[in-house]
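Participant: okay, sequence plus prediction incoming.
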Amino acid sequence: MFGLQPLHWLIIILVAILLFAPMRIPQLVRSLKQTFKEFGASVREATEEPPQDKTKGQ
């Protein structure tokens, strides 16, 4: 489109973000950090063995 390659579009988008949203970048980074932290906790929780209930077999 318009003779622009994907790399050109990426650069244009990054420049637009840096010009028009400088106050949003820290908020975006914080929310991404929180998202990855919650995802990691969920993965760790899912891979742990469930606690054994000793009263089930009786």
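Facilitator: Everything's here; your move.

Participant: starting at the chain centroid, how far to the top helix by length along the chain?
Facilitator: Across the chain, the longest stretch assigned as helix under DSSP state H is helix 24-47. Here the centre of helix 24-47 is set off from its chain's centre by 6 Å, with CA atoms, centre = their mean, to the nearest Å.

Participant: what's the answer for stretch 9-25, then?
Facilitator: With CA atoms, centre = their mean, you get 18 Å for stretch 9-25.

Participant: any regions of the chain where pLDDT drops low?
Facilitator: Applying pLDDT under 70 to the chain flags residues 1, 51, 53-54, 56-58.

Participant: apply 90 and report the result again.
Facilitator: 1-6, 13, 15-29, 43-58 (pLDDT under 90).

Participant: next, name the residue at the spatial heart of it.
Facilitator: Taking CA atoms, centre = their mean, the centroid of the chain lies closest to residue 32, which sits 4.4 Å from it.

Participant: which other helices and strands does the longest helix of the chain contact?
Facilitator: For helix 24-47, there is no helix or strand it packs on, judged by 3 or more CB pairs under 8 Å, 6 or more residues apart in numbering; DSSP states H and E. Glycine gets a C-beta too; all of them are placed from N, C-alpha and C.

Participant: quick one, phi psi at residue 19?
Facilitator: phi -80, psi -40 (degrees, to the nearest 10).

Participant: the helix or strand hosting residue 16 vs helix 24-47, what angle?
Facilitator: Using DSSP states H and E, residue 16 maps to helix 6-20. Counting by axes from the mean of the first three to the mean of the last three CA atoms, to 10 degrees, helix 6-20 points 110 degrees away from the direction of helix 24-47.
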